[in-house]
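Asker: please find the sequence and the predicted model below.
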Amino acid sequence: MIRPYSHSLSDNEKLYRPEAERQKDALRDPVTRMQLFLVRENILGEDELGKLEKSVDADVQAAVDRALTAAFPATDSIYTTFILKTLIRAAWSQRRSRTAGTRLWLN
């Protein structure tokens, strides 16, 4: 996977990445490539693509706004949410890898 942009707003990749390398990576950008595919295959027109992009931007902004205004979770919830879910996922992953090919597991 490429990193088509600088690490942060304070990072200027033009200072350490040659222009040719940055242009080559830009051609491999999966978002741009998907947009070109959708237009080329007549799945979406340019105007529909613009509407889709604005809709996605609005959805992302709404999620950011909700996250910024949400209450912090209780500190003890780490034991019942993050850690517990991580352990369950790890256990299922190990179990699936041991029984690979012998049984179909739902993801």
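Answerer: The structure has been received and is ready for your questions.
Asker: next SSE downstream of the lengthiest helix in the chain?
Answerer: The longest helix of the chain (DSSP state H) is helix 46-69. Next along the chain after helix 46-69, taking DSSP states H and E as the criterion, comes helix 82-98.
Asker: elements contacting that next one?
Answerer: Using 3 or more C-beta pairs under 8 Å, 6 or more residues apart in numbering; DSSP states H and E, no helix or strand is in contact with helix 82-98. In short, each C-beta sits where N, CA and C put it, glycine included.
Asker: now D11, what's its secondary structure?
Answerer: Assigned state for D11: coil (three-state reduction, DSSP: H, G, I helix; E, B strand; the rest coil).
Asker: look up how far T81 lies from it.
Answerer: According to C-beta to C-beta, to the nearest Å, D11 stands 33 Å off from T81.
Asker: the bottom helix or strand of this protein by mean pLDDT?
Answerer: The helix or strand of the chain with the poorest confidence is helix 82-98; it has a mean of 77 (mean pLDDT, DSSP states H and E).
Asker: using PDB, write out the CA atom coordinates for that one.
Answerer: Extracted C-alpha coordinates of helix 82-98, given in PDB (Å, rounded to 0.1, in the frame of the first residue of the first chain):
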ATOM      1  CA  PHE A  82     -11.400  -3.900  24.200                       C
ATOM      2  CA  ILE A  83      -9.500  -6.600  26.100                       C
ATOM      3  CA  LEU A  84     -12.300  -9.200  26.100                       C
ATOM      4  CA  LYS A  85     -13.100  -8.700  22.400                       C
ATOM      5  CA  THR A  86      -9.400  -8.900  21.600                       C
ATOM      6  CA  LEU A  87      -9.000 -12.200  23.400                       C
ATOM      7  CA  ILE A  88     -12.100 -13.700  21.800                       C
ATOM      8  CA  ARG A  89     -10.900 -12.700  18.300                       C
ATOM      9  CA  ALA A  90      -7.500 -14.200  19.000                       C
ATOM     10  CA  ALA A  91      -9.000 -17.400  20.300                       C
ATOM     11  CA  TRP A  92     -11.300 -17.800  17.300                       C
ATOM     12  CA  SER A  93      -8.400 -17.000  14.900                       C
ATOM     13  CA  GLN A  94      -6.200 -19.700  16.500                       C
ATOM     14  CA  ARG A  95      -9.100 -22.200  16.400                       C
ATOM     15  CA  ARG A  96      -9.800 -21.400  12.700                       C
ATOM     16  CA  SER A  97      -6.200 -21.800  11.800                       C
ATOM     17  CA  ARG A  98      -5.900 -25.200  13.500                       C
END
